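[1] Structure for this input, please:
(chains A and B)
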Amino acid sequence: MALQCRLSGATFQSLKLATIPISSSSSRFIFRTLPKTLNLALFSRHSAPKAPPFSVLIRTLSAPAVAAAPAAETSDIKVVKPQWNAAIDFKWIRDNKEAVAVNIKNRNSNANLELVLQLYDKMLNLQKEVERLRGERNNVANKMKGKLEPAERQKLIEEVFYFYGWFCELGKNLKEALTTLEEDLVKLRDELQIEAQCIPNLTHPDVPIGWEDSSKLRNMVGSPRKFDFPVKDHLQLGKELDLFDFDAAAEVSGSKFYYLKNEAVMLEMALVNWTLTEVMKRGFTPLTTPEIVRSSVVEKCGFQPRGENTQVYSIEDSDQCLIGTAEIPVGGIHMDSIVAESALPLKYVAFSHCFRTEAGAAGTATRGLYRVHQFSKVEMFILCRQEESDMYHEELIKIEEDLFSSLGLHFKILDMATGDLGAPAYRKFDVEAWMPGLERYGEISSASNCTDYQSRRLGIRYRPSESPSTTSKKGKTNVAATKFVHTLNATACAVPRMLVCLLENFQQEDGSVSIPHPLRPFMGGVEAIYPKSR
Amino acid sequence: MALQCRLSGATFQSLKLATIPISSSSSRFIFRTLPKTLNLALFSRHSAPKAPPFSVLIRNLSAPAVAAAPAAETSDIKVVKPQWNAAIDFKWIRDNKEAVAVNIKNRNSNANLELVLQLYDKMLNLQKEVERLRGERNNVANKMKGKLEPSERQKLIEEGKNLKEALTTLEEDLVKLRDELQIEAQCIPNLTHPDVPIGWEDSSKLRNMVGSPRKFDFPIKDHLQIGKELDLFDFDAAAEVSGSKFYYLKNEAVMLEMALVNWTLTEVMKRGFTPLTTPEIVRSSVVEKCGFQPRGENTQVYSIEDSDQCLIGTAEIPVGGIHMDSIVAESALPLKYVAFSHCFRTEAGAAGTATRGLYRVHQFSKVEMFILCRQEESDMYHEKLIKIEEDLFSSLGLHFKILDMATGDLGSPAYRKFDVEAWMPGLERYGEISSASNCTDYQSRRLGIRYRPSESPSTTSKKGKTNLAATKFVHTLNATACAIPRMLVCLLENFQQEDGSVIIPHPLRPFMGGVEAIYPKSR
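    Next up, the predicted model:
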């Protein structure tokens, strides 16, 4: 976001060319792009015509064209070209600008709505102008080739006699003007696209307005376990039980990397396996995903792969980067396609490793496994009809609640306030579980409804089934217009934070950690992790 | 390798400075690094000294020093500095140069032994010279301690200053020379087990064969077609999202991967291996120390932008690094690890060759075994590793052969390598599904992993005090326990049924919730 907004300054410069006020003349741009030599030759041949066929020609030459920057400078200005286009509903934004402005403010977004609206108006005007010019070019072409009445023909011949050169030039000039305008239009659309991509998703009316501390408690499950012995944090437990190695990882990879060892490895496998199995039971299709993806797909999902504080690791000498969540490759699986409505909802549960730079996260709650550069995660993802996304959002948070409570955790579910929502989220529920060693609640998952924010970027549509009434009209089949699917994502299990919870909550006085019952069948029946004998 | 050897051209240039023949004079370098202005001032102050304190001074100035490149150019030459040093036994290489030369030739290595030996000699000479100069400087310093005539003292001060400067220069040269030697010597491959067949890959020797190709009485499909019919993977979406040779696993393929990983870990743990999951982003230096080239045009390694990190191509790298720069208690050996990780490979240069479907992909899951052991035990553990692989693959019901790979097919780190090639009926050929390598001390000399042999009673008593035994480098071995995508190729192609289903091998069923077969989806 920050990057986009910084860059937009540059593109604004380049678009000044298109901000010349619209006049009634179609030819005011004619000479702007003619090379200087041609321009001069034209003048010398006709020696300052007193009655040019188009009266505005001179006016335009004397005013904006001269005022414009020299040609060389114009072509040097760098236009920031978006790699892809979001199907943003500009008309809707314009027609609802008050609501959009309030939403931008509520979400502490730095999107520039005024600029978007300005650019949109300019773009519409330029578009009209281009269409008009196209019409004029066609007129000239028709005149030149059409059959004419003798008198008219004579008149035209006279005109041609005097202005043949003008007509030829005009046709040529119109074409060139059109080319220029079309180029300007492309640039303007790019500019509009980049600015408009900064606008966050709308917000569910029930979402509390404010910063994170305004988030509303939805419900609370369980209660903090009471310990009658001094509790340890997961780092100490891990050390005593030989479950991870941060020191070696710091040498081999860097800080905030780790090896899992011994039972921690089996516990991770069990968590992943159990979670997949549970979520599959609920009709989700399991996936493993690529962990290297094109940067454009990351952007389309609403993440910023570039810029100083990016959370995204990029691959050198390529347009690829590492995923920070399986949401990205799963979101991309139906990219640029129209899904059959009957196939909806598409429910996926994906296992992947996730990679995050955690830039800017130094210091804050970074002890041990809580905040790390690489972790395993099971992620749920749903693509559904527009009218069903609220319902599936409830279903997702219910699955999370079921999973975490059957592991015996104490947690609360929050309806996150506007200031805590990322650009794609329409609404987000966070689950914060009690971590007795860290002596606080920590986020272990979140479930977001992104409505059509991601699908407008990823290009995922469906065609609603035709209702009988629309089919019969005019006797032919009316194919219904496509709609964008709604997408939702929710963490089923982020392994390291779950390990924090399990170790800290289920530690015993003898130094062992008991394994929650549901996981035991996935660990070959192991019931607890005991300190090693050596 | 290619990169190192290309770069070495540049370093050779910079080291010409150090190749001036050793003379008896200790001060022949004195003026070389003085800045020009100072140099001129020095001359003008002394106005062409007829009897310079060091007789060789003029000689040096008129000959090599003048012939040398101008000062500015000298300092501009880029010295390739190794990021780390391998503890290479140069003396052993010099003393066994014929054997080393033959080994380099057998392994089709482009290491330049002659250059290494030359540089080593130069380095030794320069080292001696540095020591001599140090001695001389100490002499001067000692002389200054006594009572002296002012002129005598002044002379000694000059002499001491010149010596110090000369020494600084020589020491810098020595550092550069050591760097150059290090980089060249790192190209030398490991030695080779005497039983390894000499030649290219086709000289590899069959160790043994397990099972036989299954006979099919129906037309067989390859894994791609089976995967499509059973909705097990999606290459098309991955090509859009990530690029070619990426894939999603779907449905039972996901559970099969989980089961393979789980079962393999469980089996290998039973044999006394410690399970690990590893970082998949590591420092480039660790990749190099394990014997891989993270840079250069045809590198197999993905690098992270704006960092010194890259993605692992195998868990061998982070597991090799776990004991980096440490001395392990001999009693802790052998250290046996079994690590699960995702692996990432650019597969640069692999276009076209056997790249269908899951056979060659950019990202895959792998369970890898890694052993650190005493030097005398590595051959034994190599046999144990290949035995574990044999056990695993045969209990899955695969038909495969085990090859003792020829010298031309060994990477630099391997002393010996056994490959397992399994029958893939759909692809109609044997395909490599794993390999087991003994890297002896090649990696440990780079990673700095040593152990101190237990003291034997005889050495302890001598002179009445405890003689700590010298440290030795551990030997490292690595072996694939399960590379998932190729295993999926094997399982799908070998266990396909006429009705389009695929039978799950018995050992994996408990890890798949009892699923016995994958059937075509109803929809």
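[2] Every contact and neighbour count from this point should use C-alpha atoms.
    Noted.
[3] and the residue of the stretch 351-500 of chain A nearest chain B?
    Chain B sits closest to residue A:374 of the stretch 351-500 of chain A, with a gap of 7.1 Å, by Cα to the nearest Cα.
[4] Next up, phi/psi of the residue lying closest to that residue once chain neighbours are set aside, please.
    Nearest residue to residue A:374 in three dimensions, chain neighbours excluded: residue A:355, at 4.6 Å (Cα to Cα, 6 or more residues apart in numbering or on different chains). Per-residue torsions, residue A:355: phi -130, psi 130 (degrees, to the nearest 10).
[5] Isn't residue A:355 up against residue A:323?
    Yes: using Cα atoms under 8 Å, residue A:355 is in contact with residue A:323, at 6.0 Å.
[6] where do the contact lists of those two overlap?
    Jointly contacting residue A:355 and residue A:323 under the rule Cα atoms under 8 Å, 6 or more residues apart in numbering or on different chains are A:312, A:313.
[7] Of those two, which one has the most company?
    Between residue A:355 and residue A:323, residue A:323 has the larger neighbour count (other Cα atoms under 10 Å in any protein chain shown), namely 28 against 23.
[8] List the contacts of the closest residue to that one other than its chain neighbours.
    In space, and not counting its chain neighbours, residue A:323 is closest to residue A:291: 5.3 Å by Cα to Cα, 6+ apart. Residues near residue A:291 by Cα under 8 Å, 6+ apart: A:322, A:323, A:326, A:329, A:352, A:353, A:354, B:363.
[9] how does it look with 10 Å?
    For residue A:291, the contacting residues are A:320-326, A:328-329, A:352-355, B:242, B:246-248, B:342, B:344, B:362-364, by Cα atoms under 10 Å, 6 or more residues apart in numbering or on different chains.
[10] so the residue nearest the centre of chain A is in which element?
    Central residue of chain A (Cα atoms, centre = their mean): residue A:302, 2.6 Å from the mean position. Applying DSSP states H and E as the criterion places residue A:302 outside every helix and strand.
[11] tell me the domain boundaries of chain A?
    A:90-198, A:212-465+A:480-529 (the TED database).
[12] I'd like those domains as JSON lines, with mean pLDDT appended.
    Shown next, in JSON lines, are the domains of chain A (pLDDT from 0 to 100):
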{"stretch": "domain A:90-198", "mean pLDDT": "82"}
{"stretch": "domain A:212-465+A:480-529", "mean pLDDT": "94"}
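[13] which of those is buried the deepest?
    Of all the domains of chain A, domain A:212-465+A:480-529 carries the top mean neighbour count, a mean of 20, counting by mean count of other Cα atoms under 10 Å in any protein chain shown.
[14] Now do that one: distance from first to last residue.
    Start-to-end span of domain A:212-465+A:480-529 (Cα to Cα, to the nearest Å) is 37 Å.
[15] go on, stretch A:276-295?
    Terminal-residue distance, stretch A:276-295 (Cα to Cα): 28 Å.
[16] do the same with stretch A:481-489
    Using Cα to Cα, the end-to-end distance of stretch A:481-489 comes to 26 Å.
[17] For residue A:482, give me phi and psi.
    According to degrees, to the nearest 10, residue A:482 has phi -70, psi 160.
[18] so who does the closest residue to it other than its chain neighbours touch?
    Excluding the flanking residues, the one nearest residue A:482 by Cα to Cα, 6+ apart is residue A:463, at 4.3 Å. By Cα under 10 Å, 6+ apart, the contact set of residue A:463 is A:338-342, A:385, A:479-485.
[19] Nearest residue to the residue nearest to the centre of chain A in space, please, no chain neighbours.
    Sequence neighbours aside, residue A:424 is the residue nearest to residue A:302 in space, at 5.8 Å (criterion: Cα to Cα, 6+ apart).
[20] just checking, that neighbour touches residue A:200?
    Yes: A contact is recorded between residue A:424 and residue A:200 when judged using Cα atoms under 10 Å, the distance being 6.3 Å.
[21] Residues that sit against both of those two, list them.
    Counting by Cα under 10 Å, 6+ apart, the residues touching both residue A:424 and residue A:200 are A:302, A:453.
[22] rewinding a little: in contact with the residue nearest to the centre of chain A, which residues are there?
    A:1, A:197-198, A:200, A:296, A:328, A:422-425, A:450, A:453-454, A:457-458.
[23] quick one, strands of the stretch 101-250 of chain A?
    A:216-221, A:244-245 (DSSP state E, counting those that start in this stretch).
[24] quick one, which of those is nearest to chain B?
    Among the strands of the stretch 101-250 of chain A, strand A:244-245 sits nearest to chain B (Cα to the nearest Cα), with 8.6 Å.
[25] Pull the residues that contact that closest one.
    A:235, A:237-239, A:257-265, A:368-369, B:276-278, B:322.
[26] what does stretch A:205-218 give?
    Under the contact criterion Cα under 10 Å, 6+ apart, stretch A:205-218 has outside partners A:103, A:105-108, A:203, A:412-421, A:426-431.
[27] what's the span of it, first residue to last?
    Start to finish, the residues bounding stretch A:205-218 are 15 Å apart (Cα to Cα).
[28] chain center to that stretch: distance?
    Centroid separation for stretch A:205-218 versus its chain: 23 Å, with Cα atoms, centre = their mean, to the nearest Å.
[29] measure residue A:117 to chain B for me?
    Separation of residue A:117 from chain B (Cα to the nearest Cα, to the nearest Å) stands at 32 Å.
[30] pretty sure that residue contacts residue A:191?
    No: applying Cα under 10 Å as the test, residue A:117 and residue A:191 come out as separate, 11.6 Å apart.
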